[in-house]
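Visitor: Sharing a model that was predicted from the sequence below.
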Amino acid sequence: MRLRNKPWAQEKIDQNSQYIISTPENYKGRWNEAFEKVQPLHIEVGTGKGRFITEMAKANPEINYIGIEVYKSVIIVALDRLIEAKLPNLKLLNVNAVDLHKYFAKNDVSRVYLNFSDPWPKTRHEKRRLTYKDFLKLYEDIMVDRGEIHFKTDNQGLFEYSLMSFSEYGLLLKYLSLDLHKSGFEGNIMTEYEEKFSERGNRIYRCEVQYQK
Ligand code: SAM
């Protein structure tokens, strides 16, 4: 997702550093200091316009959340939601997930959400998929033992690839739905992409996997 370039986006980000952390490397290993309460931290990688993470933060005040999005033109939409909602348990980071280890230390994070990640269908782009083994290693390196990844997508190819990647990495499958909206799963919070694609009749796939150490 890449919206039209907005030159004023950086200015807006700089003016709202209480919501979009401008020096995330300073919080590495001590993210609790960025929040009002000491409680578990869940992150969403590729948060887009931020509906999911904002609604999750509203619904679960006992969890701290961080939404991570690489494009400024996109994250400022999430920023507007957060300014409006004024949630003490949600922050945003405008960084690329390949650099997660620069900003988070082992045990900082207890869950990673991946929602409608870019599929990168060409084999030569496999390394860019957020469920590629190198990313699974990155998440493991910043998570608590037995941390979890919760993943959903409408893209069957990416889902099948990701299940294989999780399995080859040794992750334990804890939940699987091949049709989330007809599965009776309670408490689902729709993302922007989820709403768009399910309105077109696409099935939504979802799984939860857990590291074994
Ligand atoms: N999760 C949102 C949803 O479900 O509506 C957005 C889905 S959109 C297809 C994927 C988002 O992930 C895009 O906004 C993209 O910029 C972001 N993204 C992709 N790769 C990323 C990376 N390496 N680091 C941070 N964000 C990334």
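Guide: That came in fine, so what should we check first?
Visitor: The ligand contacts on this structure?
Guide: Taking CB under 6 Å from any ligand atom, the part of the chain that reaches the ligand is made up of 1, 45-48, 68-71, 74, 96-98, 115-118, 191-194. (Each C-beta comes from the backbone N, C-alpha and C, glycine too.)
Visitor: And those, which of them are buried?
Guide: When burial is judged by neighbour count using 16 or more other CB atoms under 10 Å, the buried members of the residues of the chain next to the ligand are 45-48, 68-71, 74, 97, 115-117, 191-194.
Visitor: okay, which residue is most central for the protein?
Guide: Nearest to the centroid of the C-alpha atoms of the chain, with distances taken as CA atoms, centre = their mean, sits Glu44, at 1.6 Å.
Visitor: Return the list of helices and strands in contact with the helix or strand encompassing that one.
Guide: Glu44 belongs to strand 41-45 when elements are defined using DSSP states H and E. Under the contact definition 3 or more CB pairs under 8 Å, 6 or more residues apart in numbering; DSSP states H and E, strand 41-45 sits against helix 51-59, strand 64-68, strand 109-115.
Visitor: Would you list the strands that that strand pairs with, along with their directions?
Guide: Here strand 41-45 is paired, per DSSP bridges, with strand 64-68 (parallel), strand 109-115 (parallel).
Visitor: Show me the contact partners of it.
Guide: Where contact means CB atoms under 8 Å, 6 or more residues apart in numbering, the residues beyond strand 41-45 that reach it are 31-32, 52-53, 56, 63-68, 97, 100, 104, 108-115, 117, 130.
Visitor: This completes my enquiry, with thanks.
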